[in-house]
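Undergrad: Provided below for reference: sequence and predicted model.
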Amino acid sequence: MTTARVPPLLETDVLVVGAGPTGLMAALVLARRGVRALVIDGKSGPTRESRALVVQARSMEIFDQLGLAHAVLDRATSAVRIQIRGERGAGTGSARQAPALVDIARMQTGSTPFPGAQIFEQSRNEELLSRTLAEEGHPVLWGHSFDTLTLGAQPADDAVEALAIGPDGPVRIRARWCIGADGAGSPVRHRLGLPFEGVTDDATFCVADLHGVAGVPDHTLTAQVGDERFALTFPLGPGGHVRLIWLHGAGHPEQEDALAGVREDLGITYERVDWFSAYRVHHRVAERFRRGRVFLAGDAGHVHSPVGGQGMNTGLQDAHHLAHLLADVAAGHREDSALDRYEAERRPVALTLLAATDRAFGVIARPGRGTAVLRRRARSVIAVLAPRILSTRLGTYAGGLLGQYRIRYPSAPSGDRPPPWAADRAVGLRLPPHRGSADALRSMTWQLHTYGSSAERPAVPDWVEGPLPFPPDPQGHLREDRLYLVRPDGFVAASFPLHAGVATRHDVAAALAVQGIVTG
């Protein structure tokens, strides 16, 4: 009689299912905060071919907090402008109109240390983050596919248990929390039984890595409208190496037919194709981002159109936010109830992004004769007006939306009038860039800041650093008569009015309570 083999048991604080950029970012932040995290993924290693490729300004700020910004910049191709081509494609017989340029970097300069966009593909994100984790003693468990998840029978149960299937058989993993960062088809989300509400569009998008594309300026994104197609190109390197993403229309085309349509309609020529793929666009958001000790992040919680290059960035920021919350609770700095802030703060971001990209998709990319006629009529007008409009203050606002550093989280319970510690426009936003503050934020701690003044330390826990004094803010975003409470993720939690350098006890106590900070 043989005895059934009992799968080995691994124990950790956080099990992360999925080694894409979202899961790897969560694991690295947790590791830096002293929390054990184990990442599992059924793949043998990082992705080789990927659709996501843009790292926006806010994500670069997160990489900077982790000390990895230079590693990204060294291997990325910067995109500092968008070229809008209003002319018809080659061979249509219409006169060509000079393309217009929109300066992204100018729109964002002064608002972020990383103006413009970095073309740093998902595969390179995964390689950088997984290598950093391995170097710091937290390697990914590659080749281990998520199989089942057992939740605690009672809400008070302090662990979840998963079964993963690896090359040597099943492995049990017990963790205090689990993060499902396992993509749009998320087995973790299916295990939780959470609806993934939304639609799948009729349109087919195509993506190709091309070499030898003529007429593409360096460090420039291009947007081009043909008679039937809309296309975006992203610079990947010298020699006309670009990633081309375009609307094909209905059906699932083969590579040869799809690229022939690009040549005929858009006049785009190339010398070599590295790879090609076609896919449908989904617009969906999970009903919940949390159930008990299990959380969803990135594509597991929300998917949307590729318009705007926002998807991977939203996942990276989900991970950064959630990891800091879990680390705070694990350290005893915040109550367990503070974990509710993840869904309360990040799901509205996903819903807003879904609505914005869906509207943009409907205007410029959805198939159909009526939409095609509208695109053809609007293309020349947009090419003329967009640079003019975006050179105004509206451009600065749009730059913040594109760079994702204008995201504001609710700072206090809703009411007619915010409390004094929330009555500051900086509260709920990420800390505006300021000389010296980036170095302070790399410690990933709760901090008190002053700008151009000094303040007595209020009654806060010992693990809150400061007050840290900084010079006055030349842009006036941070006030001299305030004491700022800054979260480890870099967002401003509270702004205490100072009276003779002292913040009132009531204001401090109220703000700490709203943040779920343990003071006893």
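TA: Looks like it came in fine.

Undergrad: Next up, the contacts around Leu210.
TA: Shown in contact with Leu210 (CB atoms under 8 Å, 6 or more residues apart in numbering): Gly240, His241, Val242, Arg243, Leu244, Tyr270, Glu271, Arg272, Val273, Asp274. Glycine gets a C-beta too; all of them are placed from N, C-alpha and C.

Undergrad: can you check His449 too?
TA: Leu431, Ser437, Ala440, Gly466, Pro467, Leu468, Pro469, Phe470, Leu478, Leu483, Tyr484, Val486.

Undergrad: Excluding chain neighbours, what is closest to it?
TA: Counting by CB to CB, 6 or more residues apart in numbering, Tyr484 is the residue found nearest to His449 once chain neighbours are left out, at 4.4 Å.

Undergrad: What is the burial count for Arg174?
TA: Applying other CB atoms under 10 Å, we find 14 residues neighbouring Arg174.

Undergrad: Show me what counts as buried in the helix or strand it falls within.
TA: For Arg174, the host element (DSSP states H and E) is strand 169-180. Of all the residues in strand 169-180, those buried under the rule 16 or more other CB atoms under 10 Å are Val171, Arg172, Ile173, Ala175, Arg176, Trp177, Cys178, Ile179, Gly180.

Undergrad: go on, stretch 222-233?
TA: Neighbour-count burial for stretch 222-233 flags Thr222, Ala223, Gln224, Val225, Gly226, Glu228, Arg229, Phe230, Ala231, Leu232, Thr233 (criterion: 16+ other CB under 10 Å).

Undergrad: sorry, back to before: what is the strand holding Arg174 packed up against?
TA: Counting contacts by 3 or more CB pairs under 8 Å, 6 or more residues apart in numbering; DSSP states H and E, strand 169-180 packs against strand 9-17, strand 37-41, strand 160-166, helix 187-192, strand 294-296, helix 311-330.

Undergrad: TSV for these, including distance to Tyr397?
TA: Formatted as TSV, the helices and strands packed on strand 169-180 follow (distance: least, CB to CB, whole Å):
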stretch	distance to Tyr397
strand 9-17	35
strand 37-41	37
strand 160-166	42
helix 187-192	34
strand 294-296	30
helix 311-330	18
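
Undergrad: Now mean neighbour count, mean pLDDT and distance to Pro253 too, for the ones you listed, in JSON lines please.
TA: Listed next are those as JSON lines, based on neighbours: other CB atoms under 10 Å; pLDDT from 0 to 100; distance: least, CB to CB, whole Å:
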{"stretch": "strand 9-17", "mean neighbour count": "21", "mean pLDDT": "97", "distance to Pro253": "33"}
{"stretch": "strand 37-41", "mean neighbour count": "26", "mean pLDDT": "98", "distance to Pro253": "30"}
{"stretch": "strand 160-166", "mean neighbour count": "19", "mean pLDDT": "97", "distance to Pro253": "35"}
{"stretch": "helix 187-192", "mean neighbour count": "21", "mean pLDDT": "96", "distance to Pro253": "30"}
{"stretch": "strand 294-296", "mean neighbour count": "28", "mean pLDDT": "98", "distance to Pro253": "32"}
{"stretch": "helix 311-330", "mean neighbour count": "26", "mean pLDDT": "97", "distance to Pro253": "23"}
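
Undergrad: closest one to Ala455 among the ones you listed?
TA: Evaluated over the helices and strands packed on strand 169-180, closeness to Ala455 peaks at helix 311-330, with 23.4 Å, by CB to CB.

Undergrad: follow-up on the earlier one: report the buried members of the contacts of His449.
TA: Buried among the contacts of His449 (16+ other CB under 10 Å): Leu431, Ser437, Ala440, Gly466, Pro467, Phe470, Leu478, Leu483, Tyr484, Val486.

Undergrad: Inside strands: which ones of the residues you listed?
TA: Here DSSP state E is the test, and the buried ones among the contacts of His449 give Gly466, Pro467, Phe470, Leu483, Tyr484, Val486 as lying in strands.

Undergrad: residues in contact with the fifth one?
TA: Same thing as Tyr484. Counting by CB under 8 Å, 6+ apart, Tyr484 makes contact with Ala426, Leu431, Leu448, His449, Thr450, Tyr451, Leu478, Val492, Ala494, Ser495, Phe496.

Undergrad: Let's see if you can find the most crowded of the residues you listed.
TA: Ala494 leads those on contacts (other CB under 10 Å) with 29 neighbours.

Undergrad: For it, give me its contacts.
TA: Ser411, Trp421, Ala422, Val427, Tyr484, Leu485, Asp507, Val508, Ala511, Gln515.

Undergrad: now, which of the contacts of Tyr484 lie within strands?
TA: Leu448, His449, Thr450, Tyr451, Val492, Ala494, Ser495, Phe496.

Undergrad: coming back round to it: would you turn the buried residues of strand 169-180 into TSV with distance to Gly137?
TA: Output for these, formatted as TSV (distance: CB to CB, whole Å):
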residue	distance to Gly137
Val171	19
Arg172	22
Ile173	18
Ala175	18
Arg176	19
Trp177	20
Cys178	21
Ile179	20
Gly180	24
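
Undergrad: ok, so of those, who is nearest Pro21?
TA: Among those, and counting by CB to CB, the member closest to Pro21 is Ile179, at 13.0 Å.

Undergrad: And the pLDDT for the closest one?
TA: Model confidence at Ile179, given as pLDDT, is 98.

Undergrad: Would you agree it is in contact with Leu24?
TA: No - between Ile179 and Leu24 there is no contact under CB atoms under 8 Å: 11.0 Å.

Undergrad: All set, thanks.
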